[in-house]
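Novice: Sequence first, then the predicted structure:
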Amino acid sequence: MPAKHDLRAVAARFQISGEFQGTAPHGSGHINDTYAATFSQSGNRARYIFQRINHSIFKNPPALMENIERVTAHVRRKLEARSIDQPDRRALTLVPACDGRSWHADADGNYWRCYLFIERATTYDQITAAAQAREGAKAFGLFQKQLADLPPPRLHETIPNFHHSRQRFNALRAAVEADPCNRAAAVKPEIEFCLRREAMVDVLLDLQARGALPERVTHNDTKLNNVMLDDATGEGVCVIDLDTVMPGLALYDFGDMCRTGCSPTAEDERDLAKVETRMDIFEALVRGYLATAGEFLNAAEKDHLVFSARLITFEIGIRFLTDHLLGDRYFKIRRDGHNADRARVQFKMVESFERHEAAMDRVVRGAG
Ligand code: ADP
Ligand code: GN1
Ligand code: MG
C-alpha cells in the first residue's frame, strides 16, 4: 500500500541522521496512521516509527504530546535509576523534531511524531499462548506501577470521559434514536442486548464516586496489541500507544486486557461460535497483572477484576455499535458492517464472561 502522506518530507523535519530509504504503513491500529521508515546511517539500517496523530479524535495534539513526553521521561528515569538494561526498548523514546519540540505540524494541519523503532519485538492482535497473556499483563501492571508517583500536575484528559460507561451507554441510546444511516432495525437484537444490561454501566462509576476506587494514572487502551513482546524471551518489553495515558481506573486497564486476550479470535471474528472465554488465558492475565500491580491495588479493585472484564468488553461493544449506527466515523473499518461485527464479538464475550463468572472468581481468589 503506498503511503498516503509524503513521509520523506515529514521525516526531514525530525532530528534523524543518515539517508531516508523508504517507508511503509505499519501495524493494525484503529486510530492513528502509523508508518515504519528506514534510514541508512553510516552503512547501518535504522528504523523509526512515524505517526500522524488522529486530530479529529484527539482534539489537542500538543497537550497529548506533553503527556507522552512526561510519561516516557518518567519511566525512562526509573529504568535508568535501577540500571535496567536496554532502556530504549523498555520505554518509548520520542525523537525530537528539528525545532526541538516532540511533534511537527505540517502545512495540512497534521501532527506528526516519531519514535525509535523497537526492534526484535512484536505486537499480537490475537494471542495464542498463556505466556503471552501473562507477560502482556505483567507489563501493563508494571506500567501503572511506574507511573504511580508521576509528579503533578494531573495529566491532560486527551479524550474526556473516555471510559465513562454511563456516557457511552447514553450515546448509544441517542444514536439509536437518531439512526442517521437507517441501520438500527438490522441490529435490533444487539441494541436490545445492551438495553437489558444498562445497570452494569454505573457500577464502577458509583464506587469511584464513593471513594472506593482511586483515580490513578492508567493506560486506558490496554488491548494486548499495545504491548510489545520480546521475540527471543517472550517478555512484555514495552507498553506502547500512549495517547490515552491519563487519569483513570486501574480496572479499566485490566478489563481491556481480558477483552482482547480471553477470546481465541480477533475482535472482529465473524464466526461467533469461536468466541469463548479461555480460562487458562484469564488465569495468566490475573497472575501476570497481580505480579506487578498486586502490591498497590486496594481490596475493592481486586474484588472487581472479574467484573471489569465484563464491563469493558460491554463498553467497547457499545462504542463499536454506536459507531456502526452513526456511519463508521470513529474506528477505521476495512469492510461493510465491520463495526457491527466487532460489536457482536464483544457481546458474545460479555455473555461468555457472565457464564464463567464463578470460575473466574475462583481464579482471582486462588491468585490473591
Ligand atoms: P494506534 O493508536 O493506531 O493503535 P499504535 O501506537 O498502537 O497506534 O501503533 C500501531 C502499531 O505500530 C502497533 O501495534 C505496533 O505494532 C507498531 N508500533 C508502534 N510503535 C512502535 C515502536 N516504537 N516500535 C515498533 N513498533 C511500533
Ligand atoms: C482503539 O488505538 P487502538 O487501535 O489501539 C481505541 C480503543 C478501543 C480499540 C478497540 C483512542 O485502540 O479505545 O478499545 O480501538 N482507541 C481510542 O480495538 O479510541
Ligand atoms: Mg494501538
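Specialist: Received, thanks. Residues are numbered from 1 along each chain as shown. Ligands and ions are numbered 1, 2, ... in the order given.

Novice: ok, the residue nearest to residue 240 when sequence neighbours are not counted to ligand 2 distance?
Specialist: Among residues not flanking residue 240 along the chain, residue 226 sits closest, at 5.5 Å (CB to CB, 6 or more residues apart in numbering). Every C-beta, even on glycine, is put in place using the N, C-alpha and C of the backbone. As judged by CB to the nearest ligand atom, to the nearest Å, residue 226 and ligand 2 stand 5 Å apart.

Novice: what about stretch 218-232, how long is it end to end?
Specialist: Using CA to CA, to the nearest Å, the span of stretch 218-232 from its first residue to its last is 28 Å.

Novice: tell me the average confidence for it?
Specialist: Average pLDDT, stretch 218-232: 97.

Novice: What residues of it count as buried?
Specialist: 218-230 (16 or more other CB atoms under 10 Å).

Novice: Let me see the contact set for the residue nearest to residue 240.
Specialist: 123, 219, 239-241 (CB atoms under 8 Å, 6 or more residues apart in numbering).

Novice: Check residue 266 too.
Specialist: Residues in contact with residue 266 (CB under 8 Å, 6+ apart) are 125-126.

Novice: do residue 159 as well
Specialist: 57-58, 244.

Novice: same question, residue 276
Specialist: Listed by CB under 8 Å, 6+ apart, the contact set of residue 276 reads 263-264, 352.

Novice: Filter those down to just the buried residues.
Specialist: The neighbour count (16+ other CB under 10 Å) marks 263, 352 as buried among these.

Novice: Is it possible to get CSV of the contacts of residue 276 that adds pLDDT, distance to residue 302 and secondary structure?
Specialist: Converted to CSV, the contacts of residue 276 look like this (pLDDT from 0 to 100; distance: CB to CB, whole Å; DSSP: H, G, I helix; E, B strand; the rest coil):
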residue, pLDDT, distance to residue 302, secondary structure
263, 97, 24, coil
264, 97, 27, coil
352, 98, 22, helix
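
Novice: what's the residue closest to the geometric middle of this structure?
Specialist: The centroid of the chain falls nearest to residue 221 when counting by CA atoms, centre = their mean (2.3 Å).

Novice: where's it relative to ligand 3, distance?
Specialist: Look at residue 221 and ligand 3: by CB to the ion, to the nearest Å, they are 7 Å apart.

Novice: what sits against the residue in the stretch 201-350 of the chain that ligand 3 sits nearest to?
Specialist: Closest to ligand 3 within the stretch 201-350 of the chain is residue 241: 3.7 Å, counting by CB to the ion. Shown in contact with residue 241 (CB under 8 Å, 6+ apart): 29, 219, 221, 226.
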